[in-house]
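In: pasting a predicted model and its sequence here:
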Amino acid sequence: MTITAAPTDAADTASFEALIESLLPGGYRLAYAMLQSQPEAEDAIQEAALRAWAARHRLRPGSDPRPWFMTIVANQCRQQRRSRWWSVRKGGDLPEGVQPAPPVEGADLRRALARLSHRDRLALALRYYLDLPFEEIGRVQGISAAAAKARVHRALGRLRLEVPEDLNDA
């Protein structure tokens, strides 16, 4: 991804590009986990990169940039889900006499994840999609590592209540 901006120091632009380039794959995985749509995740990661560029002065020198960027991605995903167009679905009713396909187990899990709150979905995505330690999950969510561990545990409990029994046994 190439960042273009108003006239600024070329070294600043190059260092930001190098920094953000390494964070984009993890940011995309988080966006996809939160939005469950490739086009939406791509839009979210692009917008997050632009917001990170605008907020680059807030990143403390010497600090780990991953939690900072993941927070920006998570906030962008939340904003996209809140937009009025998120709930618009393409397609129409099935023709008369046509039965829908039986639900796929993965689809049941995706629906259950979609019903979780943003913060629970984010905690699970950070832990299981990105394999982040609880310390980083806490930094992204603005809580302690112990609180992040408890949040992941509670979110898993809520998810187990939502997922059909046959998936819990697998």
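Out: Ah, there it is.

In: what's the residue lying closest to Arg115 once chain neighbours are set aside in contact with, if anything?
Out: Leaving aside its chain neighbours, Arg115 sits nearest to Glu162 (5.8 Å; criterion: C-beta to C-beta, 6 or more residues apart in numbering). For every residue, glycine as well, the C-beta is placed using N, CA and C. Going by C-beta atoms under 8 Å, 6 or more residues apart in numbering, Glu162 touches 111-112, 115-116.

In: make CSV out of those and add distance to Ala146.
Out: What follows is these, written out as CSV (distance: C-beta to C-beta, whole Å):
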residue, distance to Ala146
Arg111, 30
Ala112, 26
Arg115, 26
Leu116, 21
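
In: and these as JSON lines, adding secondary structure, distance to Arg151 and neighbour count?
Out: Formatted as JSON lines, these follow (DSSP: H, G, I helix; E, B strand; the rest coil; distance: C-beta to C-beta, whole Å; neighbours: other C-beta atoms under 10 Å):
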{"residue": "Arg111", "secondary structure": "helix", "distance to Arg151": "21", "neighbour count": "13"}
{"residue": "Ala112", "secondary structure": "helix", "distance to Arg151": "17", "neighbour count": "17"}
{"residue": "Arg115", "secondary structure": "helix", "distance to Arg151": "17", "neighbour count": "13"}
{"residue": "Leu116", "secondary structure": "coil", "distance to Arg151": "11", "neighbour count": "16"}
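
In: and the residues you listed, which is closest to Gly26?
Out: Within the contacts of Glu162, proximity to Gly26 (C-beta to C-beta) peaks at Leu116, which comes in at 20.6 Å.

In: what values do phi and psi take at that closest one?
Out: phi -70, psi 160 (degrees, to the nearest 10).

In: please parse this structure into its domains.
Out: Split into domains by automatic domain parsing, the chain comes to 9-84, 106-170.

In: now render those domains as a markdown table, adding mean pLDDT.
Out: Below are those laid out as a markdown table (pLDDT from 0 to 100):
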| stretch | mean pLDDT |
| --- | --- |
| domain 9-84 | 88 |
| domain 106-170 | 86 |
